[in-house]
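Student: here's my sequence, what's the structure:
(2 chains)
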Number of protein chains: 2
Amino acid sequence: MTTTQLSPTPRTTVTRGRSRAVLDRDALLAVLAEGLVAHLGLATPGGHPLVLPSAYAVDPSGPDAGGTLYVHGSVAAGWVRGAADATVCVTVTLLDGLVAGRSAFHHSMNYRSAVVIGTARVVDEAAEKERALGLIVDHMIPGRSATLRAHTRKELAATAVIAVPLEEASLKIRGGGPVDEPDDVEAGVWGGHVPLRLVAGDPVPDADAVTSGGPVPPDVVARARAL
Amino acid sequence: MTTTQLSPTPRTTVTRGRSRAVLDRDALLAVLAEGLVAHLGLATPGGHPLVLPSAYAVDPSGPDAGGTLYVHGSVAAGWVRGAADATVCVTVTLLDGLVAGRSAFHHSMNYRSAVVIGTARVVDEAAEKERALGLIVDHMIPGRSATLRAHTRKELAATAVIAVPLEEASLKIRGGGPVDEPDDVEAGVWGGHVPLRLVAGDPVPDADAVTSGGPVPPDVVARARAL
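Tutor: Numbering: from 1, shown residues only, chains lettered A, B, ... in the order given. Predicted coordinates:
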């Protein structure tokens, strides 16, 4: 039960559960490496928050001090236009379990959650954009981007890549069983937790891939086996 | 590949992937019923967005037209004070698979994502607050709240419950394999997808629960088996 805070500022300072703090960049990078979906928070022109799921990737040696987190989207998406040069929040949460406390109050979840706040930079430079898109593909299926043709100019033009510096971030981790009231423990109420994890089924080839695409590529097999 | 939009307004109108729209409240409620973690988006006093993971529950017959979504937090948490009467966004995403396209551009994920936007109401009335907290426990482990003692006054005072009307919402769903360029299909590149799902391990009793708590309760066993 810990929380990482990297260069904590008032906006990434965890105000609850300080006992859950881990001041460790490697732990942050490990959570970002394991997650598959980020939840991207933006302020819309109307001023209200909008939270959208997104694929993402991290370049630990990206152009920002501390590394760079990348998300992408269609240049036609409204949120992409709104994100440029705005402050965004990118949250990646891994759900590790359900915590069945001995009272409703002490029910909880086990999780690891990374929160990154930063100014969104639209990536214009072609080399950085292509590298970021390759990282996003390889984040989903490690090794896959090297097996694919290059992006066409049209595809690159249709895709917006947003970079967020990995400078201002916090990590909150909860693990194990419930922390209950002594009276409830003494009363013999059952308490414990249910571990949860994401698993992959067998890869499903497209109909065309079955007839002409050959066997499932080793990168896809390895990805499914690793989950 | 569909998107639900319930009473679509400009801020919940999906501007990309209209083909993924489902105009169906039951589909929205099904995604909210299956999800375990919501990502709550708030605008902080500094004006930047903040996205936090949270337990939640839905009361389809709650006080709001269309039903009510509840999240909870410590009254000491900064975000709780900021959320009162503000517009918030609650997003629940179920990750169903990785889509290995025949080009980087057509890589994607299969998912079901519900986005609810509304004015956060702090629940003050004791009966609604206790019912909401019971729903949040039962959303994690169906049937569990009936087996637990009532909240103490101190516990209720320490817990803030936030209600968001289920009026303005959208649902985006992607399923199946990649949608690739005909040239890439003809070239015989492999394409397909990897199904993903969340599974539970065996319930883990606390040390005290093993000695004095009796067997794992049937509600906890059923929850683990259902995942």
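Student: what's the longest helix in chain A?
Tutor: Ranked by number of residues, the top helix in chain A under DSSP state H is helix A:126-140.
Student: skip the chain neighbours and tell me the closest residue to A:G73.
Tutor: A:V80 (4.7 Å; C-beta to C-beta, 6 or more residues apart in numbering or on different chains). Where C-beta positions appear, they are placed from N, C-alpha and C, glycine not excepted.
Student: typo on my end, A:T44
Tutor: A:L50 (5.2 Å).
Student: who's in contact with the helix or strand hosting the one you found?
Tutor: Using DSSP states H and E, A:L50 sits within strand A:49-54. Residues from elsewhere that reach strand A:49-54 (C-beta atoms under 8 Å, 6 or more residues apart in numbering or on different chains): A:37-44, A:71-73, A:79, B:11, B:39-43, B:49-51, B:87-91, B:93, B:111, B:113, B:115, B:117.
Student: if I look at the residue of chain A positioned farthest from its centre, how far off is B:D208?
Tutor: When distances are taken from the C-alpha mean of chain A, A:A187 lies farthest, 40.5 Å away, according to C-alpha atoms, centre = their mean. A:A187 sits 11 Å away from B:D208, going by C-beta to C-beta, to the nearest Å.
Student: the helix or strand that contains the residue nearest to A:G73: which residues count as buried?
Tutor: Per DSSP H and E, A:V80 falls inside helix A:78-83. By neighbour count with 16 or more other C-beta atoms under 10 Å in any protein chain shown, helix A:78-83 contains the buried residues A:78-80, A:82-83.
Student: could you do stretch A:185-201 as well?
Tutor: A:185, A:189-196, A:200.
Student: format these as a markdown table; extra columns: secondary structure.
Tutor: As requested, the buried residues of stretch A:185-201 are exported to a markdown table (DSSP: H, G, I helix; E, B strand; the rest coil):
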| residue | secondary structure |
| --- | --- |
| A:V185 | helix |
| A:V189 | coil |
| A:W190 | coil |
| A:G191 | coil |
| A:G192 | strand |
| A:H193 | strand |
| A:V194 | strand |
| A:P195 | strand |
| A:L196 | strand |
| A:A200 | strand |
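Student: pretty sure A:S212 sits against B:V189.
Tutor: No: if you go by C-beta atoms under 8 Å, A:S212 and B:V189 don't touch, sitting 9.1 Å apart.
Student: I'd like the next helix or strand past the lowest-mean-pLDDT helix or strand in chain A.
Tutor: The least trusted helix or strand in chain A, going by mean pLDDT, DSSP states H and E, turns out to be strand A:2-6, with a mean of 50. Downstream of strand A:2-6, the next assigned helix or strand under DSSP H and E is helix A:25-34.
Student: now do that following helix and helix A:126-140, the angle between them.
Tutor: 80 degrees (axes from the mean of the first three to the mean of the last three C-alpha atoms, to 10 degrees).
Student: which residues touch stretch A:58-76?
Tutor: Outside stretch A:58-76, the residues touching it (C-beta under 8 Å, 6+ apart) are A:6-7, A:25, A:29, A:32-33, A:38, A:40, A:54-57, A:79-80, A:90, A:116, A:118, A:123, A:128, A:131-133, A:135-136, A:139, A:157-167, A:169, B:15-16.
Student: the helix or strand just after the longest helix of chain A near chain B at all?
Tutor: Using DSSP H and E, the next helix or strand after helix A:126-140 towards the C-terminus is helix A:153-158. Yes: for helix A:153-158 and chain B, the contact criterion (C-beta under 8 Å from any C-beta of the partner chain) is met by A:155, A:158.
Student: do me a favour and average the pLDDT over helix A:153-158.
Tutor: On average, the pLDDT along helix A:153-158 is 96.
Student: which elements pack onto that helix?
Tutor: Packing partners of helix A:153-158 (3 or more C-beta pairs under 8 Å, 6 or more residues apart in numbering or on different chains; DSSP states H and E): helix A:126-140.
Student: give me the low-pLDDT residue ranges for chain A?
Tutor: A:1-23 (pLDDT under 70).
Student: so who does A:A83 touch?
Tutor: Here A:A83 is in contact with A:40, A:42, A:120, A:122, A:162 (criterion: C-beta under 8 Å, 6+ apart).
Student: next, give phi and psi for the last one.
Tutor: Taking degrees, to the nearest 10, you get phi -110, psi 130 for the backbone angles of A:I162.
Student: re earlier: any idea how far A:R144 is from the residue farthest from the centre of chain A?
Tutor: A:A187 is 54 Å from A:R144, by C-beta to C-beta.
Student: number of nearby residues for A:A77?
Tutor: A:A77 is flanked by 17 other residues according to other C-beta atoms under 10 Å in any protein chain shown.
Student: any idea how far A:L52 is from it?
Tutor: 9 Å.
Student: what of A:D206?
Tutor: Per C-beta to C-beta, A:D206 is found 27 Å from A:L52.
Student: so who does the closest residue to A:A150 other than its chain neighbours touch?
Tutor: Using C-beta to C-beta, 6+ apart and skipping residues adjacent in sequence, the residue nearest A:A150 is A:E130, 7.6 Å away. By C-beta under 8 Å, 6+ apart, the residues touching A:E130 are A:150-151, A:156.
Student: list just the nearest of the residues you listed to chain B.
Tutor: A:H151 (6.0 Å; C-beta to the nearest C-beta).
Student: doesn't B:F105 make contact with that closest one?
Tutor: Yes: in this structure, A:H151 is within contact of B:F105 by C-beta under 8 Å, at 6.2 Å.
Student: biggest strand in chain A, by residue count?
Tutor: strand A:87-100 (DSSP state E).
Student: centre of the chain to that strand, how far?
Tutor: 8 Å (C-alpha atoms, centre = their mean, to the nearest Å).
Student: can you name the element that comes right after that strand?
Tutor: strand A:108-119.
Student: how far off centre is that following strand?
Tutor: 8 Å.
Student: repeat for stretch A:56-63
Tutor: 12 Å.
Student: in it, what counts as buried?
Tutor: So, applying 16+ other C-beta under 10 Å, buried residues of stretch A:56-63: A:56-59, A:62.
Student: run a quick neighbour tally on A:A65.
Tutor: Neighbour tally, A:A65, other C-beta under 10 Å: 10.
Student: just to revisit the earlier point, near chain B, list only the ones from the contacts of A:A83.
Tutor: Okay, of those touching chain B (C-beta under 8 Å from any C-beta), that's A:40, A:42.
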